[in-house]
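1. what would the 3D arrangement of this be:
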Amino acid sequence: MNGTDARYADFSLVKEMLESPDVIRRMDVEAVKKLAGELTGIKGPFLLSGEGSSRIFPAKRARIEALRRGSALLPVVEGATQALEYPLAGGVAFVASNSGKTKEGLRLVRSAKKRGIKSVGIVANAGTPIADEADHAIVLSCGPEAAVAATKSVIEQALVYHTIFAERAGFPVPDREKLASALDAVLHAAPAKEIVDAVTKAKTLFWAGRNDGVAEELTLKTNEISRKRSDFLEGTYAVHGIEEVMTPDDVVILVNPFPEEEVKLKQTLADGVGLTVVAIASRQTSFPTFVVPALEGADEYLQLAAGWNLLVEVGINCGVKLDQTTRARKVGNEMETSK
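-> From the prediction side, this is the model:
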């Protein structure tokens, strides 16, 4: 993306994406560490909840890191309404909501209070219901977002979870300056024309990758930014039946693909269906690849930014007014002011 070119700079979405590196730099880490210390006595489950983008990437990235590191502190990731069905005894319910007004999240906070369960609101706006009614609140430094598609707030929410679990479970945290600089470089990179052209022409975009929130979040962003149909194919699902309904004018975007599966993916999707396969990864793959830097413990942030970058290029190529959606709203389901 070129933030000085009017084709990009006129959109709030682009501005907010490009603000993400500075959001990382100015995040109030000490406030988050203080909160982590206050949760030391929690012996029950850590529920990471929220709706849409406020849950998918931040919570799933935290969970996969805990799994990879073999941590005994393994978060539960769930939507707020379904989480009402879980006892969560002795645990804590995190509710991430950029607006601080999301109906499902506030309902979970109130349910937790009735059941004696601690709650934490992670919001971008102070003085909002979730911030005021939760036992603890983290107010993000990212500021408001004008675009419907959440971007910089998603990065900061993820970094809040990253810091909390690092404090509680002894994980290392990435150097924030290195992460911010790498993210800035990925956002300003020019994706290969071959990849942009293929994705621009696609009828349906299939994002395939690990259950770490990256490909799934980019599936949602595809709808909001490029207005194309999309689907998320978890793990190796791309070669387990979905090929029956794929067509040659579809595109599959692999995020950090498993090297040992690339031959099978080529045989099934490129050779079998005849569609185009591209990739986002920190290495060259068997397919045209948007190569991003590797940064230990933080690769997912950079892969997500590369996906944003690609989708902006596609949206502009398709003549989409990136800040104007027809049906989607910034707060999909807002709580009414009366309790």
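2. hey, let's count contacts and neighbours off CA atoms from now on
-> Will do.
3. roughly how far does the spatially most central residue of the chain sit from R107?
-> For the chain, the residue nearest the mean C-alpha position is F57 (2.9 Å; Cα atoms, centre = their mean). Using Cα to Cα, to the nearest Å, F57 is found at 22 Å from R107.
4. now Q284
-> Counting by Cα to Cα, the gap from Q284 to R107 is 46 Å.
5. who has more neighbours, the two?
-> Taking other Cα atoms under 10 Å, Q284 and R107 do not tie; R107 has more neighbours (17 against 13).
6. isn't there a helix covering the more buried one?
-> Yes. Checked against DSSP: H, G, I helix; E, B strand; the rest coil, R107 lies within a helix.
7. so what's it scoring on pLDDT?
-> As predicted, R107 sits at a pLDDT of 96.
8. mind listing what it touches?
-> Residues in contact with R107, defined by Cα atoms under 8 Å, 6 or more residues apart in numbering, are 80-81.
9. distance of it relative to Q157?
-> R107 sits 20 Å away from Q157, going by Cα to Cα.
10. repeat for D197
-> Distance from D197 to Q157, counting by Cα to Cα: 32 Å.
11. endpoints of stretch 32-45, how far apart?
-> Taking Cα to Cα, the first and last residues of stretch 32-45 lie 19 Å apart.
12. contacts for it?
-> Contacts for stretch 32-45 (Cα under 8 Å, 6+ apart): 74-76, 88-92, 136, 138, 160, 163-165, 167-168.
13. kindly recompute the last result at 6 Å.
-> Outside stretch 32-45, the residues within contact range by Cα atoms under 6 Å, 6 or more residues apart in numbering are 88, 90-91, 164.
14. list the buried ones in that stretch?
-> Applying a neighbour-count criterion of 16 or more other Cα atoms under 10 Å, one finds 32-33, 35-36, 39, 45 buried in stretch 32-45.
15. distance of V263 from T285?
-> 11 Å.
16. next one: V291
-> From V291 to T285 the distance is 9 Å (Cα to Cα).
17. ok, now K201?
-> Counting by Cα to Cα, the gap from K201 to T285 is 22 Å.
18. residue boundaries of the helices in the stretch 101-250 of the chain?
-> 103-114, 129-133, 152-169, 176-188, 193-201, 214-221 (DSSP state H, counting those that start in this stretch).
19. to L67, which of these lies closest?
-> Closest of those to L67 is helix 152-169, at 11.7 Å (criterion: Cα to Cα).
20. what's the mean pLDDT across that closest one?
-> For helix 152-169, the per-residue pLDDT averages 95.
21. which residues are contacting it?
-> With contact meaning Cα under 6 Å, 6+ apart, helix 152-169 is reached by 17, 20, 36, 58, 142, 172.
22. buried subset of those residues, written for PyMOL?
-> Only the buried entries of the contacts of helix 152-169 go into this PyMOL selection, using 16+ other Cα under 10 Å:
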select buried, resi 17+20+36+58+142
